[in-house]
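> Model the structure of this input:
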Amino acid sequence: MSFLRRRKPSEKQHVAPSSEQKLEEEEKEHHSRKNEAKNKEAKKKWSCVDNCCWFVGFICSLWWILTFLYNAMPASFPQYVTEAITGPLPDPPGVKLQKEGLKAKHPVVFVPGIVTGGLELWEGHQCAEGLFRKRLWGGTFGEVYKRPLCWVEHMSLDNETGLDPAGIRVRPVHGLVAADYFVPGYFVWAVLIANLARIGYEEKTMYMAAYDWRLSFQNNEVRDQTLSRIKSNIELMVATNGGKKAVVIPHSMGVIYFLHFMKWVEAPAPMGGGGGPDWCAKHIKAVMNIGGPFLGVPKAVAGLFSAEARDIAMAKAIAPGALDKDIFHIQTLQYLMKMTRTWDSTMSMIPKGGDTIWGSLDWSPEEGYIPSKKRKQRSNSTEVSGDSGTESKSRNVKYGRMISFGKDVAEAPSSEIKRIDFRDAIKGKNVANNTCRDVWTEYHDMGFGGIKAVAEYKAYTAGEIVDLLHFVAPKMMARGDKHFSYGIADDLDDPKYNHYKYWSNPLETKLPNAPEMEIYSMYGVGIPTERAYVYRETPSSDCYIPFEIDTSADEDDEDKCLKNGVYTVDGDETVPALSAGFMCAKAWRGKTRFNPSGIKTFVREYDHAPPSNLLLEGRGTQSGAHVDIMGNFALMEDIIRVAAGATGEDLGGDRVYSDIFKWSEKINLKL
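Residues are numbered from 1 along each chain as shown. From the prediction side, this is the model:
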């Protein structure tokens, strides 16, 4: 038919799908849905662990890349970036003085302070397996985290003798590495050593007088002969350097340790070194004391009394209970107190001179002090007025009350404080004493009656602090009484002062007969420094420390001296200026009964200036902080100049920013 036409070959013919094709399509669709379900299920199974793994992997990769780039970059690149932001940096002191032509001249002796020197294990118990000659103190402190109780056991000394416990020997690291860095990246002496090397110093002309800073000073000689080693090394360095006398640079507690040495070395054997009365005159050019706690530090009182100071008290306030059972799962503060109360060295820094130096309930040398940012260099005249802030307006802070129970007690007139004497209080064991043997402290032998008696005395001056510590820790103080004294000598010619227990107290001993020797007090100022504390009783619990700093005690004043329960004055954050500067400012100035040969003394203060860019400048080149001052350019320049032959007059004499001379004049001490 005509209407019928033939289909073209290219045209497709629609054919109805067969049953087999339908089954195939349904099966494909089923598999597709099944795969989608699996994908959804797999996405659901992508857990937080997977995210964390990817995140850790990313951080590690990024860290590796950054480390590679840091090591690959030119050494001058960080300085280039810094100078691009802040402008050209001054030359380090060693480079500057090398350009001036200074050369190494006098041998140099470093005397480290408390906690900054490394300690390593030579013998230990089974828990310390694998730690032979590994650092227990300094370095990475990895063992603290791995086995904290074992670490505490090996860092503690015998509670009766103050020496090694049975089966344990921990000894100081020797050489310049003993205290160049405290931990990797945190310098102590390293920067000064590097700058001295710039003008020609090397290991044969530098000596680190390392010692076990936990022991009393005389016990260091008994156990390790460290004082004899200092004596022989100084003699060797002087002899091999053409008779040029040594410049000794002690830091922190090393200052009073070396003060002890200067008496020991001249005293007759067997108690002393037998060097004779002119040993210091023959061998020492200058003693350049950095951050010296000559008269002690209130911070030591807080540490011995409650195992805390401002930083720990604030940490407790921010995270209550964190230091009772922290990541170590131990009662940290209790173990800290148990350990540190075996370290006799801590008792060397209990404030000396009593109320005469530190003040009474109603008086203190620093009364009227107020912080201020405006400072300028001052002379040694007590008539100088300036912008140091100390006289800008009246203050009524009673710093003489080193410990007060309650802010109201700290501020009240003494006539309104009703005190009940604690000295004759009846003690008794706490119930907790039977369950707290692992963290036993002498508080467990006091009983609640003894604890209450301490709080009811209300306020303690520096003279009463010693009695307080005898009451709360009699066994500790019995050891301390054999090695240290905290008074003021009436008659320095009394034969009793020939005993070594007086040698580290500058108020109970004479300087050597060495009129050509110089003594420097070099310390930072401009940082709030602990001076007095507001305490409260701790709510009783098992194995507890019954007293703590009352961090709720505060002032609203813009220029407040009370913050978080701690009254502060001018200093280097650890040592108040009064303790660091008084001896050179007054008690040793000229010929006095404490300085009969008239050794010249100089006060060199370094006003604290934090780094303008913390990222690029680290801990700062103008820091006045207790340890960071070791990187202070001005301090290093002073030291290098003296080591190269300069005198105190060449440096310009005293350089003072605080009111140390004014405060010293207020102290009525027979000279």
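> Where is the longest strand in the protein?
Ranked by number of residues, the top strand in the chain under DSSP state E is strand 527-537.
> could you point out which element follows that one?
Moving toward the C-terminus from strand 527-537, the next helix or strand (DSSP states H and E) is strand 547-549.
> Touching that following strand from outside, list them.
302, 305-306, 308, 310, 313, 316, 451, 454-455, 533-538, 564-566 (CB atoms under 8 Å, 6 or more residues apart in numbering). The C-beta positions use only the backbone N, C-alpha and C, and glycine is treated the same way.
> Spell out for me the PyMOL command that would select the buried members of those.
A single PyMOL command selects the buried members of those (16 or more other CB atoms under 10 Å):
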select buried, resi 302+305+306+308+310+313+316+451+454+455+533+534+535+536+564+565+566
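> follow-up on the earlier one: does anything pack onto the longest strand of the chain? Which helices or strands?
Packing partners of strand 527-537 (3 or more CB pairs under 8 Å, 6 or more residues apart in numbering; DSSP states H and E): helix 298-306, strand 403-405, helix 407-411, helix 447-456, strand 547-549, strand 566-571.
> Now those in a markdown table, please, with extra columns for distance to Val144 and mean pLDDT.
Formatted as a markdown table, the helices and strands packed on strand 527-537 follow (distance: least, CB to CB, whole Å; pLDDT from 0 to 100):
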| stretch | distance to Val144 | mean pLDDT |
| --- | --- | --- |
| helix 298-306 | 18 | 94 |
| strand 403-405 | 30 | 97 |
| helix 407-411 | 35 | 94 |
| helix 447-456 | 30 | 90 |
| strand 547-549 | 23 | 93 |
| strand 566-571 | 26 | 96 |
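> remind me which residues of the stretch 251-400 of the chain are low pLDDT?
309-331, 372-375, 378-395 (pLDDT under 70).
> Could you pull out the helices in it for me?
With DSSP state H, counting those that start in this stretch, the ranges of helices along the stretch 251-400 of the chain come out as 253-266, 279-283, 298-306, 310-318, 332-340, 354-358.
> Nearest to Leu62, out of the ones you listed?
Across the helices of the stretch 251-400 of the chain, Leu62 has its closest neighbour in helix 310-318 (30.5 Å, CB to CB).
> orientation of the longest strand of the chain relative to helix 298-306 in degrees?
Compare the direction of strand 527-537 with that of helix 298-306 by axes from the mean of the first three to the mean of the last three CA atoms, to 10 degrees and you get 20 degrees.
> What angle do strand 566-571 and strand 527-537 make with each other?
160 degrees.
> of all the helices and strands packed on strand 527-537, which lies closest to Met155?
Once CB to CB is applied to the helices and strands packed on strand 527-537, the stretch that comes out nearest is helix 298-306, at 15.1 Å.
> For Ala473, which non-adjacent residue is closest in space?
Glu442 (4.7 Å; CB to CB, 6 or more residues apart in numbering).
> how far away is that neighbour from Ser521?
35 Å (CB to CB, to the nearest Å).
> cool, Asn396 as well?
29 Å.
> picking that back up, OK, contacts around the residue nearest to Ala473?
Arg341, Val472, Ala473, Pro474, Lys475, Met476.
> Spatially, which two of the residues you listed are the most separated?
Arg341 and Pro474 (11.5 Å).
> could you give the angle of the longest strand of the chain to helix 447-456?
With the same axes, to 10 degrees applied, the angle from strand 527-537 to helix 447-456 works out at 130 degrees.
> Off-centre distance for strand 527-537?
16 Å (CA atoms, centre = their mean, to the nearest Å).
> Keeping just the C-alphas, turn it into CSV.
The C-alpha coordinates for strand 527-537 follow below in CSV (Å, rounded to 0.1, in the frame of the first residue of the first chain):
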residue,chain,number,x,y,z
ILE,A,527,59.6,44.0,89.0
PRO,A,528,57.1,43.4,91.8
THR,A,529,58.9,41.0,94.2
GLU,A,530,57.4,39.0,97.0
ARG,A,531,57.8,40.6,100.4
ALA,A,532,54.9,39.6,102.7
TYR,A,533,52.0,37.2,102.6
VAL,A,534,48.3,37.0,103.7
TYR,A,535,47.5,33.5,104.8
ARG,A,536,44.5,31.5,105.8
GLU,A,537,43.8,28.1,107.2
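> got the buried residues for the helix or strand harbouring Phe661?
Assigned by DSSP H and E, Phe661 belongs to helix 660-666. Using 16+ other CB under 10 Å as the test for burial, helix 660-666 gives Ile660, Phe661, Lys662, Trp663, Ser664.
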